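> here are the coordinates; sequence isn't available:
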């Protein structure tokens, strides 16, 4: 483990060494002014919704980005998203900001860990120079170019096959509804074309079709046929399904179509290239006995060792850079990944760390780096590594701004800014700005909680049975069998890459009664908000309709009451072909989303737009009883009382999305809840509230399984399942099962060491 570098020299009082923020009012910021030292590490703390992101991302980073864009010519700017100026009086001494966030990396199947870090590009050049036989330039090894890609799968590495039995019931005839795919019900237009095509009999069971009829039924390409006196285009069922359903982006599909496609389409490794994406020539060239595909499939920690053994002066500078990149990936705790891992399969924390590696190798200095909870998804063992990387970025002469809740990261800060005191309208103030010692001494919520420890449970709850997982071998799992107790709180722990998600998501999701509340984005989230997503809008609309003697549909911004200019979005989106679209406030409704007529109807003195701008806490006071209050109470229980009812879901963080999904599922009785790092984005003080909520779910008869690194959750659990011993091929085994007290007393795993230290700090 690397030792943290010594503290840098104190910042001179000269104002040029400070980023000066004056009068920031973005979102809930209450006219905030402060100075931040440059070339130092500043950590921003505060409860969820206190204004940290509004200050760091919405004000400082956004203005830096906008000022850089303004330096381009008007012609270039016309192709760029026009960034609105943040609501702030003045910002002085900004430097170029690089935001390293947790947004999942491009969903494109062509982006991999290797392409995202440039490691694969460097490897291609090494193979083009040293590979035998020599087959050409580096592009001959690229699965994104015509000369390198496998011609069969066009460089994707997978081919999709349709499971015919998900489309049809072979025992039935067309007239009896043999086609089970959506859109082909008996009497539907597509069905009529097929039934009247004359290519096969509509009253004969499909299993009795001749091979020629079966081929016409399934695979016939678009052909003009005569039905009666009309010329109509006929296509086989599979041809039609591929054109109508499979060519669409999965995210754009309606949910029932998406479910059908997920059932009917089976992806398999391309038989021509074995999933390597490359053509035969690229696979034939080797360095040290390995092809480039074998190098890409290796665990990065093994590949780093292999590359260190290649010695050739002709590519020495390139090898130095490649080794540095691979070593950084190992150091940051991603050594268990491989370069051929598709970017879209990385978790938010993994994606952020992959992006970080690019910046570690950069020659830029005097840049402002902005991080959003860089420890998400990290075991306490890996947080020390992350800390040393943050300090290394600082010591290169950069300003590092980090939004973070973990005490281990707050401990290495040169400067801490604490926002609060509460969330939403109760937040947005600077509660403290200064060094760590001052924060500890301050009477702020964060200062009081820095030394706070959750205790081990005095008595653990007895299980009511168990869920069994047998011989699990997904990804790096090594034939794992595990029993998960029912009716208790189980924490699944282990370092990043040890196999936690593979075990739980791979073998529990989809079972009866299992509810997975994940942090993934919510579909249609530009139009949806907490009120529509939780079903809260229903009782609110009914209350407005009753009070005013009009119909409820008027009070939906997705229905009759919507402003016609912006279709009820409140914003007008201008799509720019080359860049991200730009949103501007709708001038007609001023962002209120409804027609002027609808806004004349009130409920207890408030119109529908005013109710939707309320926070959950304000709405609970406004709706003291009834179905609306039940849903609002659930939102409050999961710690979302500061969210506005009408806030678009695409503005929520991963942790907030997970807690919103949990609030919806809480209505279900006796479920098995699976939560993935529910402490993401939670302040130390909020973690206690989360633990109380998890306890209540268990006491109400549910089973709760959390994948979690936070020691407070581990200490509070009834049962622990620890995976490891390390990540990647050094993981994939259950290294401990039992109570937290047993782990602390007798365990020798990495988790045991850290939990022991955590619990003893409380006793000491």
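Now that the structure is in, tell me what you want to look at. Here the structure is a predicted model, which is why all the values come from computation and not from measurement.
> Name the helix or strand for residue 44, please.
strand 41-45 (DSSP states H and E).
> any residues touching that strand, and which ones?
Outside strand 41-45, the residues that touch it by CB atoms under 8 Å, 6 or more residues apart in numbering are 36, 52, 55-56, 390-391, 394, 399-405, 409-410, 412-419, 439, 446, 683. In this view, the C-beta of every residue, glycine as well, is placed from N, C-alpha and C.
> Over to stretch 464-474?
479-487, 502-503, 506-508, 511, 672, 703.
> just checking, which of these belong to strands?
480-485, 672, 703 (DSSP state E).
> Let me have those residues in a markdown table, adding neighbour count as columns.
What follows is the ones in strands among the contacts of stretch 464-474, written out as a markdown table (neighbours: other CB atoms under 10 Å):
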| residue | neighbour count |
| --- | --- |
| 480 | 21 |
| 481 | 10 |
| 482 | 19 |
| 483 | 15 |
| 484 | 24 |
| 485 | 21 |
| 672 | 19 |
| 703 | 25 |
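> which one of these is nearest residue 722?
Of all the ones in strands among the contacts of stretch 464-474, residue 482 has the smallest distance to residue 722: 10.8 Å, by CB to CB.
> And that closest one, how far from residue 25?
Distance, residue 482 to residue 25, by CB to CB, to the nearest Å: 51 Å.
> Check whether residue 453 really touches residue 716, as I assumed.
No - using CB atoms under 8 Å, residue 453 is not in contact with residue 716, being 10.9 Å away.
> between those two, which one's more packed in?
residue 716 (24 against 18; other CB atoms under 10 Å).
> Quickly note the distance from the closest residue to residue 476 other than its chain neighbours to residue 709.
Nearest non-adjacent residue to residue 476, counting by CB to CB, 6 or more residues apart in numbering: residue 732, 3.9 Å away. Relative to residue 709, residue 732 is positioned 18 Å away (CB to CB).
> Residue 506 too?
19 Å.
> Who has more neighbours out of those two?
Using other CB under 10 Å as the criterion, residue 506 and residue 709 rank with residue 709 on top: 28 against 16.
> residues touching the more buried one, list them.
So residue 709 contacts 377-380, 493, 677 (CB under 8 Å, 6+ apart).
> As a markdown table, those residues with neighbour count would be great.
Listed next are the contacts of residue 709 as a markdown table, based on neighbours: other CB under 10 Å:
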| residue | neighbour count |
| --- | --- |
| 377 | 26 |
| 378 | 25 |
| 379 | 21 |
| 380 | 22 |
| 493 | 32 |
| 677 | 26 |
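> Select from these every entry located in helices.
residue 380 (DSSP state H).
> As JSON lines, the contacts of residue 709 with pLDDT would be great.
As requested, the contacts of residue 709 are exported to JSON lines (pLDDT from 0 to 100):
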{"residue": "377", "pLDDT": "86"}
{"residue": "378", "pLDDT": "89"}
{"residue": "379", "pLDDT": "91"}
{"residue": "380", "pLDDT": "92"}
{"residue": "493", "pLDDT": "97"}
{"residue": "677", "pLDDT": "91"}
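> which of the contacts of residue 709 lies closest to residue 367?
Residue 367 lies nearest to residue 378 out of those, by CB to CB, at 23.5 Å.
> how much space between the closest one and residue 25?
34 Å.
> What of residue 284?
63 Å.
> of those two, who's got more company?
residue 25 (16 against 13).
> wait, that one sits on residue 88?
Yes - contact criterion CB under 8 Å: residue 25 and residue 88 qualify, at 6.8 Å.
> So which elements touch the helix or strand hosting residue 539?
Using DSSP H and E, residue 539 sits within helix 537-548. Counting contacts by 3 or more CB pairs under 8 Å, 6 or more residues apart in numbering; DSSP states H and E, helix 537-548 is packed against helix 608-612, helix 626-637.
> Model confidence at the nearest residue to residue 647 once chain neighbours are set aside, what's the number?
In this structure, residue 647 finds its nearest non-sequential neighbour in residue 529, 5.5 Å apart by CB to CB, 6+ apart. pLDDT, residue 529: 93.
> cool, and residue 229?
Predicted confidence (pLDDT) for residue 229: 82.
> got the residue ranges for the strands in the stretch 101-250 of the chain?
For the stretch 101-250 of the chain, the strands defined by DSSP state E, counting those that start in this stretch occupy 158-162, 223-227, 230-234.
> Could you say which of the ones you listed is packed most deeply?
Highest mean neighbour count of the strands of the stretch 101-250 of the chain: strand 158-162, a mean of 15 (counted as mean count of other CB atoms under 10 Å).
> Closest to residue 516 out of the ones in strands among the contacts of stretch 464-474?
Nearest member of those to residue 516, counting by CB to CB, is residue 672, at 9.4 Å.
> Mind listing the residues bridging to the closest one?
Residue 672 forms beta bridges with residue 514, residue 703, as assigned by DSSP bridges.
> For it, give me the pLDDT.
pLDDT for residue 672: 95.
> And it, how far from residue 485?
To residue 485, residue 672 is 11 Å away according to CB to CB.
> which neighbours do these two share?
With CB under 8 Å, 6+ apart as the test, residue 672 and residue 485 both reach residue 703.
> Which residues belonging to stretch 232-243 are considered buried?
Residues of stretch 232-243 classed as buried by neighbour count (16 or more other CB atoms under 10 Å): 234-242.
> The strand holding residue 44 pairs with which strands, parallel or anti?
strand 399-403 (parallel), strand 415-420 (parallel).
> In CSV: those strands, plus mean pLDDT, distance to residue 587 and mean neighbour count.
Listed next are the strands paired with strand 41-45 as CSV, based on pLDDT from 0 to 100; distance: least, CB to CB, whole Å; neighbours: other CB atoms under 10 Å:
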stretch, mean pLDDT, distance to residue 587, mean neighbour count
strand 399-403, 97, 34, 25
strand 415-420, 98, 33, 26
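> Redo the ones you listed as CSV? Include distance to residue 169.
As requested, these are exported to CSV (distance: least, CB to CB, whole Å):
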stretch, distance to residue 169
strand 399-403, 54
strand 415-420, 60
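> Could I get the full set of helices for the stretch 351-500 of the chain?
380-395, 407-410, 436-441, 445-449, 500-507 (DSSP state H, counting those that start in this stretch).
> Next, format those as CSV and append distance to residue 118.
Shown next, in CSV, are the helices of the stretch 351-500 of the chain (distance: least, CB to CB, whole Å):
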stretch, distance to residue 118
helix 380-395, 18
helix 407-410, 27
helix 436-441, 36
helix 445-449, 38
helix 500-507, 27
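> Out of the ones you listed, which is closest to residue 606?
helix 445-449 (31.3 Å).
> Run through who's touching that closest one.
45-47, 410, 418, 420-421, 431-432, 439-441, 683-685.
> In it, which of the residues would be classed as buried?
445-447, 449.
> Double-check residue 36 against residue 21; I have them as touching.
Yes - Residue 36 lies in contact with residue 21 (CB under 8 Å); the separation is 7.2 Å.
> what's the overlap in contacts for these two?
Joint contacts of residue 36 and residue 21 (CB under 8 Å, 6+ apart) are residue 60.
> Helix or strand with the lowest mean pLDDT in the chain?
None of the helices or strands of the chain scores lower by mean pLDDT, DSSP states H and E than strand 582-585, at a mean of 74.
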